[in-house]
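Peer 1: Kindly generate the corresponding structure for this input.
(2 chains)
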There are 2 protein chains.
Amino acid sequence: MNTESPSQSAGNDIGTSDPTIDVLGIGNALVDVLSHQSDEFVESIGVVKGAMTLIDEDDATRLYDTMGPGIEVSGGSGANTVVGVAALGGTAAYIGKVRDDQLGDVFGHDLRATGVRYDLAPAADGPSTGRCLILVTPDAQRTMNTYLGASACFESDDVDPDAIRSAAVVYLEGYLFDGEAAQDAFRSAAQIAHDAGRRVAVTLSDPFCVERHREAFLDLVESHVDLVFANELEACSLYECGDVETAAKRFSATGAIAVITRSEKGCLIVDGENSIAVPASPVDQVIDTTGAGDLFAAGFLVGYSRGYDLDRCASIGAIAAAEVISHIGARPQADLAGLASHLL
Amino acid sequence: MNTESPSQSAGNDIGTSDPTIDVLGIGNALVDVLSHQSDEFVESIGVVKGAMTLIDEDDATRLYDTMGPGIEVSGGSGANTVVGVAALGGTAAYIGKVRDDQLGDVFGHDLRATGVRYDLAPAADGPSTGRCLILVTPDAQRTMNTYLGASACFESDDVDPDAIRSAAVVYLEGYLFDGEAAQDAFRSAAQIAHDAGRRVAVTLSDPFCVERHREAFLDLVESHVDLVFANELEACSLYECGDVETAAKRFSATGAIAVITRSEKGCLIVDGENSIAVPASPVDQVIDTTGAGDLFAAGFLVGYSRGYDLDRCASIGAIAAAEVISHIGARPQADLAGLASHLL
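Peer 2: This next block holds a predicted model:
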C-alpha cells in the first residue's frame, strides 16, 4: 500500500458517510452492432482480431456497409458493468454522453430499464450517438470497431459532483482516455470521489488503449486509484513486459489492488505483498465473449462496495462473467442475483 | 380452381418470361425491439397475448418507457420472409417504407446485407421508422405492439412495376391492410403481377388484422391471389368459423391454394378438392416463436417459385420455421440453405 498517496484509502471500508449508490460507472456511451463474421472478413478489414480499434465516422459507414446483418444492443464497457451491478442487486449510476437521436434513446432506455440511474442529458448537437461495430467470429471472439461519436464529447462539466460523492465506488473505463476532454473529466471525477472518501476503480480496457495512453495510465495506477482491473495483455502492455508475473510484481509496488483476469484460468488478485488466485466459473458453451471483463468487474465491484473479502468479490465476478459469455451480447440475460445469491 | 378469375393462374408453372427475382415481398418495414417480459407485464398493459396490437406514437413511447431493456433487430413480417428466401439461396427483393433515420438505416442495411434487393428510397419527412415492441414471455410466445410510423406512408407510387414484373411470386403481408394508402398499393402490385403472368401470394398475418379487414381479405382470396398463408386462428377468423375443417372447406371453393399452418402440428395444404397434411420439423427447444410464420412462408415460397410439389414446398418451410424459433429474433442465424439442401 502506497502510504505517500493520501488519495488512496486504506483497508476495505468505504467512505466517510453512507453512500447511496454502490457503483457509479463513467465511460463511453455506445450502442453495439453485433454481427457474425468469418475470420477472413476480420482479416480483410485489417484490424487486430480480439482488440478494439477506433474508427472515424467514414470508416464506420464503410465497415457497416460491408458487414453482415446485425443486432443492436446497448453497450459501452462501463455501462455494461453498471447494468451488471444492478442485475446483482446493487445500486448503480452511470455517466456517459449520447446524442438526442434514436440510438441515444435506446442507450438511455436500456440503462434506466435495468434500474441504473442515468441523468446526463443527451447532446442537442454534434456527432451522433457512438456505436461499436462488433464482429463475432466462429471461435466466439469479438473484434470491436468503435466510432466514439457523441461519447467523445464527454467533458468535466458533464460530471455531477453530487452523484460522484454519493457512490461508494467510482468505476472508470480506460477507453475514456481516447477522448481528450474525457481524460480531464476522468481525473476530476477521481479527485471528487477521493475528496469525499470514496474508492476509485479503473479498468485498463484494451492493450492498445493502454499503449496509446501508457503514461497517463501509469500515473493513475501509481497515485490515483484504489483498484485496477486488467487482463493479462493489458497488464503486460502497461509495464511493457512479457509475462504476467512481472506485471503482478510491478502492481504490488503500487498503492492499488490489481485484479488480473485470465479468461478460463480465472483471476489473480495482487494486493501489496499478497496475491490470491481465484478460479473462473464453469461455462457449458462459450457463445460470445463480448462483455466478459465488464461483467467480471460488475460482480467484483458489488462485493468491493460492500467491503467483502477480495476472493469473494472475484467469485461473484466470475459468476457474472460466465453468464454473459454463454449468450450473444454484453449484458446479462439470466437472473444474476439468483445465480450469485450464495455470495451476495 | 375458380375459372371465373382470369387473374389467377392455373397449374404451378410461373409467368410468361423468365423472372429474375424468385420472391418480392411487400410489407411494413419495421425494426423489432425484443424484450423478455413476464406474463403479468403483458396482462398489465391490456393487450392480447400472442397477437399484434397497433399502437400510436404516444402509446409506443409510453410502453417503451415501462418495458425492460431490449435488443433491436430488423423485422417486419414480409421482410423476414424475403431474408429467409435469400438465406435459402433464392433471389429476393423487398418493398416497404422507412424514414431516413438511424433505425431506417439499420433496416435497409440488414436487408441488403443478406442479399435482398431493396431500392425504395427512405422518406425525407413524416413519421419516423416504424417499430414493433415485442414482449417475449417465458413460454417463448411473442406479443407484438406495432407503431407503423413511416411504413404506414407506403402508397401506390412506391411500387416499382418493373420489379413486380420481374418476380416469379409477389408476396403480400396482410398487416399492410392496416395502412389505408397501403391497401391500394397492395392491389396495384397484385394487378401488375398478374398482368405479367406472375403469381401472387398473401399471408393473413394476424386474426385481429383479418377481423379489421375481413371484406377486403375475402375479396383478395376469392379473386386476386394464387396462394394464401394463414394459421388456424386467422383461417377461422376469415370465415368466422370455429374449426379449421370448415375454414379449409371454404378455402377449397376459392381459386387459391391455402396453406394453413398449425404450429407443432405442421400444416394443411388445401388445393381445390385435394388436401395434404405436412408435419412440422423437430425443434430441440423453442426459444422465441417470433418469425415462425414468416420463415415457413419463406421456405414454402422458394419451392413454389421453382414449381416444386406443394408438400415439398411445405417441408422446406417447416425447416426454416424450426430454425427461427430455436433462437431469439425473427431472422435466420444458421445456414438455412444447408439445413434444407436435400429439398432445394
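
Peer 1: quick one, strands of the stretch 201-344 of chain A?
Peer 2: A:227-231, A:257-261, A:267-271, A:274-278 (DSSP state E, counting those that start in this stretch).

Peer 1: I'd like the ones you listed as CSV, with mean neighbour count and distance to A:Gly108 appended.
Peer 2: C-betas here are computed from N, CA, C, even on glycine. Formatted as CSV, these follow (neighbours: other Cβ atoms under 10 Å in any protein chain shown; distance: least, Cβ to Cβ, whole Å):
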stretch, mean neighbour count, distance to A:Gly108
strand A:227-231, 26, 25
strand A:257-261, 26, 29
strand A:267-271, 23, 32
strand A:274-278, 15, 34
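
Peer 1: any low-confidence regions in chain A?
Peer 2: Scanning chain A for pLDDT under 70 picks out A:1-16.

Peer 1: So which residues on it come close to chain B?
Peer 2: Contact residues (Cβ under 8 Å from any Cβ of the partner chain) of chain A with chain B: A:36, A:64-65, A:67-74, A:83, A:101-103, A:106, A:109-110, A:113-114, A:128-129, A:329, A:331, A:333.

Peer 1: Weed out the non-buried ones from the residues you listed.
Peer 2: By neighbour count, with 16 or more other Cβ atoms under 10 Å in any protein chain shown, the residues of chain A next to chain B hold A:36, A:64, A:67, A:69-74, A:83, A:101-103, A:106, A:109-110, A:113-114, A:128-129, A:329, A:331, A:333 as buried.

Peer 1: From those residues, which land in helices?
Peer 2: A:64, A:83, A:102-103, A:106, A:109-110, A:113 (DSSP state H).

Peer 1: Can you add distance to A:Asp178 and give the strands of the stretch 201-344 of chain A back as a markdown table?
Peer 2: Converted to a markdown table, these look like this (distance: least, Cβ to Cβ, whole Å):
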| stretch | distance to A:Asp178 |
| --- | --- |
| strand A:227-231 | 17 |
| strand A:257-261 | 21 |
| strand A:267-271 | 25 |
| strand A:274-278 | 30 |
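
Peer 1: how close does A:Ser156 get to A:Gly179?
Peer 2: 12 Å (Cβ to Cβ, to the nearest Å).

Peer 1: Could you do A:Ala29 as well?
Peer 2: For A:Ala29, the distance to A:Gly179 - Cβ to Cβ - is 11 Å.

Peer 1: Identify the contacts common to these two.
Peer 2: A:151, A:154 (Cβ atoms under 8 Å, 6 or more residues apart in numbering or on different chains).

Peer 1: who has more neighbours, those two?
Peer 2: Using other Cβ atoms under 10 Å in any protein chain shown as the criterion, A:Ala29 and A:Gly179 rank with A:Ala29 on top: 31 against 20.

Peer 1: Hmm, the more buried one is touching A:Arg99, no?
Peer 2: No. A:Ala29 is beyond contact range of A:Arg99, at 9.4 Å (criterion: Cβ atoms under 8 Å).

Peer 1: if I look at these two, which residues touch both of them?
Peer 2: A:129, A:150.

Peer 1: Any idea how far apart the tips of stretch A:24-31 sit?
Peer 2: Counting by Cα to Cα, to the nearest Å, you get 19 Å between the two ends of stretch A:24-31.

Peer 1: name the element A:Val170 belongs to?
Peer 2: strand A:167-173 (DSSP states H and E).

Peer 1: Against which helices or strands is that strand packed?
Peer 2: strand A:21-26, helix A:77-87, helix A:180-195, strand A:199-203, helix A:292-305 (3 or more Cβ pairs under 8 Å, 6 or more residues apart in numbering or on different chains; DSSP states H and E).

Peer 1: Mind checking these for the one nearest to B:Pro19?
Peer 2: helix A:77-87 (47.2 Å; Cβ to Cβ).

Peer 1: by how many degrees do that closest one and strand A:199-203 diverge?
Peer 2: Calculated by axes from the mean of the first three to the mean of the last three Cα atoms, to 10 degrees, helix A:77-87 forms an angle of 120 degrees with strand A:199-203.

Peer 1: what's the spacing between helix A:77-87 and its chain's center?
Peer 2: 8 Å (Cα atoms, centre = their mean, to the nearest Å).

Peer 1: which secondary structure elements does that helix contact?
Peer 2: Using 3+ Cβ pairs under 8 Å, 6+ apart, helix A:77-87 sits against strand A:21-26, strand A:92-95, helix A:102-113, strand A:167-173, strand A:199-203, helix A:292-305, helix A:310-324, helix A:336-339.

Peer 1: closest to B:Asp184 out of the ones you listed?
Peer 2: Taking those one by one with Cβ to Cβ, helix A:102-113 is closest: 29.5 Å.

Peer 1: Format the CA atom coordinates belonging to the helix or strand following that closest one as CSV.
Peer 2: As assigned by DSSP H and E, the chain's next helix or strand after helix A:102-113 is strand A:130-136. Provided in CSV are the C-alpha atoms of strand A:130-136 (Å, rounded to 0.1, in the frame of the first residue of the first chain):
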residue,chain,number,x,y,z
GLY,A,130,-21.4,6.4,-30.7
ARG,A,131,-21.5,2.8,-31.8
CYS,A,132,-19.3,-0.2,-31.7
LEU,A,133,-19.3,-2.5,-34.7
ILE,A,134,-18.6,-5.9,-33.2
LEU,A,135,-17.5,-8.8,-35.4
VAL,A,136,-18.1,-12.1,-33.6
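
Peer 1: what's strand A:130-136 in contact with?
Peer 2: A:28-37, A:41-42, A:52, A:55, A:60, A:63-64, A:67, A:70, A:75-76, A:98, A:103, A:142-152, A:288, A:290, A:328.

Peer 1: Please pick the buried ones from the residues you listed.
Peer 2: A:28-37, A:41-42, A:52, A:55, A:60, A:63-64, A:67, A:70, A:75-76, A:98, A:103, A:142-152, A:288, A:290, A:328.

Peer 1: List the ones among those that fall in strands.
Peer 2: With DSSP state E as the criterion, strands contain A:30-36, A:52, A:142-147 from among these.

Peer 1: can I get the residues you listed in JSON lines with distance to B:Asn231?
Peer 2: JSON lines is the format used below for those (distance: Cβ to Cβ, whole Å):
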{"residue": "A:Leu30", "distance to B:Asn231": "39"}
{"residue": "A:Val31", "distance to B:Asn231": "34"}
{"residue": "A:Asp32", "distance to B:Asn231": "34"}
{"residue": "A:Val33", "distance to B:Asn231": "33"}
{"residue": "A:Leu34", "distance to B:Asn231": "31"}
{"residue": "A:Ser35", "distance to B:Asn231": "31"}
{"residue": "A:His36", "distance to B:Asn231": "30"}
{"residue": "A:Met52", "distance to B:Asn231": "45"}
{"residue": "A:Arg142", "distance to B:Asn231": "38"}
{"residue": "A:Thr143", "distance to B:Asn231": "41"}
{"residue": "A:Met144", "distance to B:Asn231": "41"}
{"residue": "A:Asn145", "distance to B:Asn231": "41"}
{"residue": "A:Thr146", "distance to B:Asn231": "43"}
{"residue": "A:Tyr147", "distance to B:Asn231": "42"}
